[in-house]
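>>> structure for the following, please:
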Amino acid sequence: MMRRLNNFHKVAVTVFGLCIFNSLHSQEKHTEKFNQVWLAYFNQTRFSNKWGLWADFHLRTKEDFFTNFSQSVIRLGLTYYLSDDAKLTVGYAYVSHYPEDNHPGVTQPEHRPWQQIQWNTQYSRLRARQWLRLEEKFRRKILNDSTLASGYNFNYKIRYNFSLQAPLSKKGFDPNTLAFVVNDEVHINFGKQIVYNYFDQNRFFVGFGYQTNAHDQLQFGYMNVFQQLASGHQYKSINAARIFYFHNLDLRKKNKP
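Numbering: from 1, shown residues only. Model prediction:
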């Protein structure tokens, strides 16, 4: 199982790399820069050997770190465990795009069914986590600056996420220790309504993880989001202070000795 996932990982990285290279070098770039704060809470709860729940909640500011809000996300999913280190999840997310330049008087809603495979790899001094996610994005149409229209724009998105952690203490990942964290996530659009921006965005994070207990971790650090807009030649570069909390619960009954 893990060998097949590793082979798929190599193919996925190659495809995503080619898409990014072609997109970034095909047109003249016009890039706007923003400073934001990204806050998130992640929860993975395991109910049995095979079933669990995924939940994550996000809130992001708009610019100058603390000026208004740009987006919020509520995401839920049902998880099936292939093993302790590999799992499948299907779910739904609700996204709110708060007023922006092209719709300054209205919040734009978006519905996202999603499907994901996630796998973890642990070594003596390293932890690696990967997931591959498919999303179906239904984004409400906008009539004018202050009014939503009927109907939705639709496209698919593929996201590949890779995270690597190394402890900064001889105690490894024991409670109250720090780890160095590097993370990258590539987003690729496709569908009939996608014309110029098959490459959607890349999110690169570098920072630290504080192990609050044996299972949970607080991550904080710097993230850059480089995003291609629908026109194809316009881009956003977001410098973000990212603070995420990862909460893991295991509700399985332990076998009594």
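>>> which strands and helices lie in contact with the helix or strand where residue 243 lies?
For residue 243, the element it lies in under DSSP states H and E is strand 234-250. Applying 3 or more CB pairs under 8 Å, 6 or more residues apart in numbering; DSSP states H and E, one finds that strand 234-250 contacts strand 30-46, strand 217-228. Any C-beta I mention is one placed from the backbone N, CA and C, and that applies to glycine too.
>>> which strands and helices sit next to the helix or strand that comes right after the longest one?
Going back to what we said before, that points to strand 30-46. From strand 30-46 onward toward the C-terminus, using DSSP H and E, the following helix or strand is strand 51-63. Secondary-structure packing of strand 51-63 (3+ CB pairs under 8 Å, 6+ apart): strand 30-46, strand 67-81, strand 86-97.
>>> ok, which of these comes nearest residue 253?
Closest approach to residue 253 among these (CB to CB): strand 30-46, 11.6 Å.
>>> of all the helices and strands packed on strand 234-250, which one comes closest to residue 117?
Counting by CB to CB, residue 117 lies closest to strand 30-46 out of the helices and strands packed on strand 234-250; the figure is 14.1 Å.
>>> now do the closest one: everything it contacts.
Strand 30-46 is contacted from outside by 52-66, 70, 79, 81, 223, 233-252, using CB atoms under 8 Å, 6 or more residues apart in numbering.
>>> mind checking how far the strand holding residue 243 is from the chain centre?
Between the centre of strand 234-250 and the centre of its chain there are 8 Å (CA atoms, centre = their mean, to the nearest Å).
>>> sheet-wise, list the partners of it with their directions.
strand 30-46 (parallel), strand 217-228 (antiparallel) (DSSP bridges).
>>> just the CA atoms of that strand, as CSV, please.
Taking Å, rounded to 0.1, in the frame of the first residue of the first chain, the C-alpha atoms of strand 234-250 are listed here in CSV:
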residue,chain,number,x,y,z
GLN,A,234,-2.8,38.7,-12.6
TYR,A,235,-1.4,37.2,-9.4
LYS,A,236,-1.6,37.6,-5.6
SER,A,237,1.3,37.2,-3.3
ILE,A,238,0.2,36.9,0.3
ASN,A,239,2.6,37.1,3.2
ALA,A,240,0.8,35.5,6.1
ALA,A,241,1.4,34.9,9.8
ARG,A,242,-0.1,31.4,10.2
ILE,A,243,-1.3,29.9,13.5
PHE,A,244,-2.8,26.5,13.3
TYR,A,245,-3.8,24.1,16.1
PHE,A,246,-4.0,20.3,15.4
HIS,A,247,-6.2,18.4,17.8
ASN,A,248,-6.4,14.6,17.7
LEU,A,249,-8.8,12.4,19.7
ASP,A,250,-8.9,8.6,19.9
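>>> tell me the secondary structure for residue 112?
strand (DSSP: H, G, I helix; E, B strand; the rest coil).
>>> so what's it up against?
75, 92, 93, 94, 95, 135, 136, 137, 138.
>>> returning to that earlier point: list only those of the contacts of strand 30-46 flagged as buried.
52-54, 56, 58, 60-62, 70, 79, 81, 223, 234-235, 238, 240-242, 244-247 (16 or more other CB atoms under 10 Å).
>>> let's verify residue 197: helix, strand, or coil?
Per three-state DSSP, residue 197 ends up coil.
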